[in-house]
Structure formats: C-alpha cells, structure tokens
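Novice: Have a look at this fold, sequence not included:
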C-alpha cells in the first residue's frame, strides 16, 4: 500500500469522523432537548450504538456507494481526493452555520463533481444517482409519516393514562428509541465511507478482480464514525432539538422510532439515505400532531433549502479539488 493510498484512506476516515461529528446532533438532539440524558451521556449512548451496528448490518449501502454512483472504472486517487475534499469541505461549512445537512449527499455530490471533470456525464451511474436523489424527497416524508403514525398510535394507547406516568415511562422508552436510531445511523452512514475506501483499494488493484468490502475497512469505519459522534456537533443540536419543534419524551420516542424504522429499511435496500432528512421529517411529523403551528415551518424551510443545494455545492468544491488532486496524484 503506497503512501498516497494510506493518505487517502486517512482522509476518508476523517470524513467518517466528520460525518459522526456533524450528524451526532441527529442522534442526540431529541434525547437532550427532552432532558432524558445530559449531552455528555447522550453522545456516549449514541456512539456506542453507532458502533453496535457493526454486528447487525450488511454491506448493501457500501456496495451502492462503491460502484453504484459513478463508474468504478473511472475511479482513481484524484477522484477519491476530490470526492473527500468536497464532502469534508461542505460538512465543515454547514456545521459552522448550524445547518443539519446531509453528509451522505455531500459525499455523493463530491463523487459526481470529480467524475464529471474527469470523464463527463458518461461516468455517472444514472440508476444509482436517481435512486439516491429520489430519497432526498422520499426519506423525510417517510420519516414524517412514521413519526406521525407512532405519535397517533402512542397517544391512542395511552389516552386514558395519567400524563406524569406517561412521561416517566417514555423517559425510559426514549433510551431504547435513541439506541435504535443511533444503530440505524451507524449502519447507513458508516457504510458510505466503507464504499469509498473499498473503491479506492479496488482501483489500485489491492482487492483483486472482484469488488468487496474488507473486514478491516468495516471495523475502522464504524470506529471513526463512533468517535466523531462522541465529540458531537453542538451547533446543530439546538436547531434539531428545539428550533424545529418543542419535544417531550413521548414525542422524542415517536420521532426516533419513525426515523429508525426508515433507516433500517433503507439500509436493507442498499439506499444511502440522509439520516438528517429522516429525523427532521420525523420531528416535523410528531410536532404537527399537536397542531401545525407547533412546527416552525420557517426553520424547516431553511433546512430544506440547505438539503437542495448540498449535492451541487459539494460537487463544485470536489471539481476544484479534483483538478488539484490530478496534479498531485497522477503526475
């Protein structure tokens, strides 16, 4: 393994770390805003279950990223460099401004931008990109529907219960829902970096003739995203936890449960969805159950615009980074 390959693997793990750092708010915002756990214990809880996904999820999403977004034959070290710089750059920009955008779509935008500069539109795998782009819109609505569904179900079941007993029950229940959501987050998001590293190794001839995800890549990617979650993206916690809708423990339980189901289904189908989109949709669904005015639609609108521009902005940064990387890695 050459020094340049080692550098790019390290850069990919940095992205994975930033993914956990950036998206930790998704995992802990509801459980912190409802005061079920303090931020310190919440990030430890989320990080543990991020890593626990290692034992439960396959590699369907990793395979989609590795060979289902751009033609694996055009992938080289400069493409990977551009992809990762584009994704990391956009993550840092949006973290600074407190925008809960998608690390997943930043990565995909990075791949598209670098591939377009190198080989033009023919390098893009239309089917994989179309499926991913479709879920930019599908996943928040599925999260919203499931969050609303769990909200209606729970409120119907406990409609005759004493409110203080319900709150006490769901303070414990939210530990479970947050655990499953964090597992779904790790299971979907860590795989994206696995796919990038595996495609790099395959393009360098280090995997042989058949594309696969090495076991050591799986382990280090789950470790990196878990460490990123441990450090937490505190600027985004406030947006997710209170600015979209004010939550109680029962609301947090319903939102996390809806989002977790969405992530588990998406990972099983090999679709790299945005955990950010999913949990935001679920929070909006639960918030709207009280009354439509309980959701701060202006904040939600700004978040949606950030979602829409993620792929093109990450692609633009990646395209510039590819030009730089081409001169570094291919000469």
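Specialist: Great, that's in hand. All values derive from a computational prediction rather than experimental measurement.
Novice: C-alpha from now on. contacts and neighbour counts both.
Specialist: OK.
Novice: confidence score at residue 55?
Specialist: On pLDDT, residue 55 comes in at 89.
Novice: Give me the next element, helix or strand, following the strand or helix carrying residue 94.
Specialist: Assigned by DSSP states H and E, residue 94 belongs to helix 77-96. Using DSSP H and E, the next helix or strand after helix 77-96 towards the C-terminus is helix 103-119.
Novice: Contacts made by that following helix with the rest, please.
Specialist: 19, 22-23, 65, 69-70, 74-75, 79-80, 82-88, 90-91, 121, 123-124, 189, 192, 272-274, 310-319, 321-322 (C-alpha atoms under 8 Å, 6 or more residues apart in numbering).
Novice: just the buried members of these?
Specialist: Taking 16 or more other C-alpha atoms under 10 Å as the criterion, what is buried in those is 19, 22-23, 65, 69-70, 75, 79-80, 82-88, 90-91, 123-124, 189, 192, 272-274, 310-319, 321-322.
Novice: So residue 198 versus residue 117, what's the distance?
Specialist: Counting by C-alpha to C-alpha, to the nearest Å, the gap from residue 198 to residue 117 is 22 Å.
Novice: Of the two, which one has the most company?
Specialist: residue 198 (26 against 17; other C-alpha atoms under 10 Å).
Novice: can you pull the pLDDT of that one?
Specialist: Model confidence at residue 198 (pLDDT) stands at 95.
Novice: quick one: it is in a strand?
Specialist: No: Residue 198 is assigned helix when assessed by DSSP: H, G, I helix; E, B strand; the rest coil, not a strand.
Novice: Now do the helices in the protein.
Specialist: 3-33, 39-52, 60-67, 77-96, 103-119, 126-157, 163-203, 215-231, 234-238, 249-268, 275-290, 297-329 (DSSP state H).
Novice: separation between the residue nearest to residue 59 when sequence neighbours are not counted and residue 93?
Specialist: Nearest residue to residue 59, sequence neighbours excluded (C-alpha to C-alpha, 6 or more residues apart in numbering): residue 191, at 6.7 Å. Noted for residue 191: a distance of 23 Å to residue 93, by C-alpha to C-alpha.
Novice: again, but for residue 247
Specialist: Taking C-alpha to C-alpha, one finds residue 247 at 27 Å from residue 93.
Novice: Comparing these two, which residue is more hemmed in?
Specialist: Per other C-alpha under 10 Å, whichever of residue 247 and residue 93 has more neighbours is residue 247, with 22 against 11.
Novice: hang on, the earlier thing: averaged over its residues, what pLDDT does the helix holding residue 94 have?
Specialist: 90.
Novice: So which elements touch that helix?
Specialist: helix 3-33, helix 103-119, helix 163-203, helix 234-238, helix 297-329 (3 or more C-alpha pairs under 8 Å, 6 or more residues apart in numbering; DSSP states H and E).
Novice: Burial-wise, tell me which of those comes out on top.
Specialist: helix 103-119 (a mean of 27; mean count of other C-alpha atoms under 10 Å).
Novice: Could you tell me how far that one lies from the centre of the chain?
Specialist: Put simply, helix 103-119 sits 16 Å off its chain's centre (C-alpha atoms, centre = their mean, to the nearest Å).
Novice: just use 57 as the starting number from now, easier for me
Specialist: Yes, from this point I'll number from 57; that puts the last item at helix 159-175.
Novice: Run the angle between that helix and helix 133-152 for me.
Specialist: 140 degrees (axes from the mean of the first three to the mean of the last three C-alpha atoms, to 10 degrees).
Novice: and helix 159-175 with helix 182-213, angle?
Specialist: Using the same axes, to 10 degrees: helix 159-175 against helix 182-213 is 170 degrees.
Novice: shaky segments in the protein?
Specialist: Scanning the chain with the threshold set as pLDDT under 70 gives 57, 81-83, 156, 288-302, 346-360, 386-387.
Novice: From residue 208, how far off is the residue in it sticking out farthest from the centre?
Specialist: If you look at how far each residue of the chain sits from its centre, by C-alpha atoms, centre = their mean, the farthest one is residue 216, at 37.7 Å. According to C-alpha to C-alpha, residue 216 stands 14 Å off from residue 208.
Novice: same question, residue 130
Specialist: 49 Å.
Novice: what does residue 253 give?
Specialist: From residue 253 to residue 208 the distance is 42 Å (C-alpha to C-alpha).
Novice: and if you look at residue 217?
Specialist: On the measure of C-alpha to C-alpha, residue 217 and residue 208 end up 15 Å apart.
Novice: Give me the more crowded residue out of these two.
Specialist: residue 208 (14 against 10).
Novice: ok, the residue nearest to that one when sequence neighbours are not counted - contacts?
Specialist: Distance criterion C-alpha to C-alpha, 6+ apart; nearest residue to residue 208, sequence neighbours excluded, is residue 345 at 7.5 Å. Counting by C-alpha under 8 Å, 6+ apart, residue 345 makes contact with 204, 207, 208.
Novice: Could you pull up the residues touching the residue nearest to residue 180 when sequence neighbours are not counted?
Specialist: Using C-alpha to C-alpha, 6+ apart and skipping the chain neighbours, the partner closest in space to residue 180 is residue 126 (4.4 Å). Residue 126 is in contact with 167, 168, 171, 179, 180, 181, counting by C-alpha under 8 Å, 6+ apart.
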